[in-house]
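1. Starting from these lines, generate the structure:
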Amino acid sequence: MAQFYSAKRRVTTRQKVTVTVNDLDPFGQGVARHNGKALFVPGLLPGETAEITLTEDKRQYARGEVQRRLNDSPERVTPRCPHFGVCGGCQQQHASIALQQRSKSAALARLMKHDVNEVIAGQPWAYRRRARLSLNWQPKTQRLEMGFRKSGDSSIVNITCCPVLVPRLEALLQPLHDCLASLKAVRTLGHVELVEADNGPMIVLRHTASLSQADKEKLECFSHSQNLALYLAPQSEILERLSGETPHYSVDGLKLMFSPRDFIQVNDGVNQQMVARALAWLDVQPGDRILDLFCGMGNFTLPLAKRVASVVGVEGVAELVAKAQDNAQRNGLQNVTFFHENLEDDVTKQPWARQGFDKVLLDPARAGAGGVMQHIIKLSVGRVVYVSCNPATLARDSEALLNAGYQIQRLAMLDMFPHTGHLESMVLFVKTNN
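-> Numbers count the residues shown, from 1 in each chain. Take a look at the predicted model:
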């Protein structure tokens, strides 16, 4: 016999319990134990006890929200940002930097089954040189919202300050909002991207309807008054430069040109250290021939080319290959070549791979390099440095190298995004003799 349930029967009483947190996950949630399973509680730190209400109770885990915190951890700090707790951009401003780094390192060590040998970090504030802000016109209030999405919500938090942004970008927030709010096309704005290049700030404005000449003139005047480059994006695949120079950034004393849509590392301070550490881990020698996979515009490739006999950079995006070639020429590097290839294919069969390589570096996207690992193994190089923005795919890909006779010699946690749940890392694999 079928049994039907009314809406009232599906409503359950939210249980109240007192718990003590013993761990912090990479996303800034306190982790306690309740009824033999993990209980995740946002806002609590290790050592803190609180009265909480269960909001979700699954077979393997539960979630709760704090009703009353009974004590404070010595590593609890006052968040610098007034939007913290509402804005979804940062999750860990209430935790000390030392605690944030320990919790991320511990999570990485568990995944990789290897101790973290070092933490590569820069300044914890004013580090972010790129950000995308959502734009939304509110008919009820007749105001333009500009900011980040709320935590667990699609609505926008109006951002008036952001202490993780580099100072020049943070200083642009209010004047940029005022300028955009004054446009006739204010109702058809999609988002705005802020980028800090070495030669000044850059803004990309996405709009879904044509801008009037008056609006364009107003934007151009704003760009000159703020000494920034301004690009318009009437469609996702179209980019129109309204003012300013082509942006560039520096790494290892080299100048790399890029376009507003090109990927660059958000944290310049950590990027400089990361590149230097990769070169040291590879133990680059003047006679080396090195392969750089997922090379992008040459962030690692060009610093390598300054020190070795030859470097081959391989990238799956044709536009980035062209940009890398241009950057090599601009920096006077003649011993580096770039190729556009499908990195899922066996690159060892390409003519440029017949000479072999001494060492390999790879820096894939979040999906990792699952289809590439067997090709790297076929090259039988002595050292492999893997730079990762996703520890889960790193752990998966590492198994192939470990099973092929490589060992993890160094593991570093890259604190690329302090105060957030992003966990980045780099690993040195060395081939054993047996």
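
2. can we go C-alpha only for contacts and neighbour counts from here?
-> Fine.

3. Neighbours of the closest residue to Phe294 other than its chain neighbours, how many?
-> Beyond its immediate neighbours in the sequence, the residue positioned closest to Phe294 (C-alpha to C-alpha, 6 or more residues apart in numbering) is Glu315, lying 4.7 Å away. When neighbours are counted by other C-alpha atoms under 10 Å, Glu315 registers 23.

4. Enumerate every residue touching Glu315.
-> Taking C-alpha atoms under 8 Å, 6 or more residues apart in numbering as the definition of contact, the neighbours of Glu315 are Leu293, Phe294, Cys295, Gly296, Val321, Phe338, Phe339, His340, Glu341, Asn342, Leu343.

5. Any idea what Asp415 is bridged to?
-> As for beta bridges, Asp415 partners with Ala121 under DSSP bridges.

6. ok, so what distance separates it from Gly287?
-> Between Asp415 and Gly287 the distance, using C-alpha to C-alpha, to the nearest Å, works out to 33 Å.

7. For this structure, give me the ranges with low pLDDT.
-> Low-confidence segments of the chain, defined by pLDDT under 70, span residues 1-13, 434.

8. okay, now the domains of it?
-> 16-76, 130-248, 267-431 (automatic domain parsing).

9. first vs last residue of the second one, how far apart are they?
-> Chord length of domain 130-248, first to last residue, is 13 Å (C-alpha to C-alpha).

10. can you give me the helices in the stretch 101-250 of the chain?
-> When assigned using DSSP state H, counting those that start in this stretch, the helices of the stretch 101-250 of the chain occupy the ranges 167-170, 173-181, 213-226.

11. hang on, the earlier thing: buried among the contacts of Glu315? Need that as a selection in ChimeraX.
-> The following ChimeraX command selects only the buried members of these, with burial defined by 16 or more other C-alpha atoms under 10 Å:
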select :293,294,295,296,321,338,339,340,341,343
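
12. okay, the helices of the stretch 101-250 of the chain, which one's buried deepest?
-> helix 167-170 (a mean of 18; mean count of other C-alpha atoms under 10 Å).

13. ok, and what's touching that one?
-> Contacts to helix 167-170, defined as C-alpha under 8 Å, 6+ apart, come from residues Ala126, Arg129, Cys161, Cys162, Pro163, Leu194, Val195, Glu196, Pro201.

14. The same query, at a cut-off of 10 Å, please.
-> When contacts are taken as C-alpha atoms under 10 Å, 6 or more residues apart in numbering, the neighbours of helix 167-170 outside the stretch itself are 125-131, 159-164, 176, 194-196, 200-203, 226.

15. And these, which of them are buried?
-> Under a neighbour-count criterion of 16+ other C-alpha under 10 Å, the subset of the contacts of helix 167-170 counted as buried comprises 125-131, 159-162, 164, 176, 194-196, 200-203.

16. burial measure for Arg261, as a count.
-> When counting by other C-alpha under 10 Å, one arrives at 10 neighbours for Arg261.

17. secondary structure class for it?
-> On the three-state scheme (DSSP: H, G, I helix; E, B strand; the rest coil), Arg261 is labelled coil.

18. give me every residue that touches it.
-> Per C-alpha under 10 Å, 6+ apart, neighbours of Arg261: Glu193, Val204, Glu237, Leu239.

19. before we move on, what about Val204?
-> Listed by C-alpha under 10 Å, 6+ apart, the contact set of Val204 reads 132, 191-195, 229-233, 239-242, 260-261.

20. Show me what it is bridged to.
-> Beta-bridge pairing of Val204 under DSSP bridges involves Glu193, Tyr231.

21. Against Arg80, how distant is the closest residue to Trp125 other than its chain neighbours?
-> What sits nearest to Trp125 in space, not counting adjacent residues and going by C-alpha to C-alpha, 6+ apart, is Val164, at 4.8 Å. Here Val164 is placed at a distance of 9 Å from Arg80 (C-alpha to C-alpha).

22. any residues in contact with both of those two?
-> With the criterion set as C-alpha under 10 Å, 6+ apart, the overlap between the contacts of Val164 and Arg80 is Trp125.

23. Let's see which of the contacts of Glu315 end up in helices.
-> Among the contacts of Glu315, the members falling in helices (DSSP state H) are Val321.

24. Sitting in strands, which of the contacts of Glu315 do you find?
-> Within the contacts of Glu315, membership in strands is found for Leu293, Phe338, Phe339, His340, as judged by DSSP state E.

25. Please name the bridge partners of the second one.
-> On the basis of DSSP bridges, Phe338 takes part in beta bridges with Gly313.

26. So it sits against Ser310, correct?
-> No - Phe338 sits out of contact with Ser310 when judged by C-alpha atoms under 10 Å, with a separation of 11.2 Å.

27. tell me, what's touching those two both at once?
-> Residues touching both Phe338 and Ser310 comprise Thr301, with contact defined as C-alpha under 10 Å, 6+ apart.

28. And for Lys113, the neighbour number?
-> If you count neighbours by other C-alpha under 10 Å, Lys113 ends up with 11.

29. From Ala229, how far off is it?
-> Taken as C-alpha to C-alpha, the spacing of Lys113 relative to Ala229 amounts to 46 Å.

30. Same check on Tyr386?
-> Using C-alpha to C-alpha, we find Tyr386 at a distance of 34 Å from Ala229.

31. Nearest to Pro74 among the contacts of Arg261?
-> The shortest separation between Pro74 and any of the contacts of Arg261 is 37.3 Å, and it belongs to Glu193 (by C-alpha to C-alpha).

32. which residues touch that closest one?
-> Residues touching Glu193, when contacts are defined by C-alpha under 10 Å, 6+ apart, comprise 130-134, 202-206, 231, 260-261.

33. Can you add distance to Thr20 and give these back as JSON lines?
-> Below are the contacts of Glu193 laid out as JSON lines (distance: C-alpha to C-alpha, whole Å):
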{"residue": "Arg130", "distance to Thr20": "37"}
{"residue": "Ala131", "distance to Thr20": "36"}
{"residue": "Arg132", "distance to Thr20": "37"}
{"residue": "Leu133", "distance to Thr20": "37"}
{"residue": "Ser134", "distance to Thr20": "37"}
{"residue": "Met202", "distance to Thr20": "46"}
{"residue": "Ile203", "distance to Thr20": "46"}
{"residue": "Val204", "distance to Thr20": "46"}
{"residue": "Leu205", "distance to Thr20": "47"}
{"residue": "Arg206", "distance to Thr20": "46"}
{"residue": "Tyr231", "distance to Thr20": "51"}
{"residue": "Pro260", "distance to Thr20": "46"}
{"residue": "Arg261", "distance to Thr20": "45"}
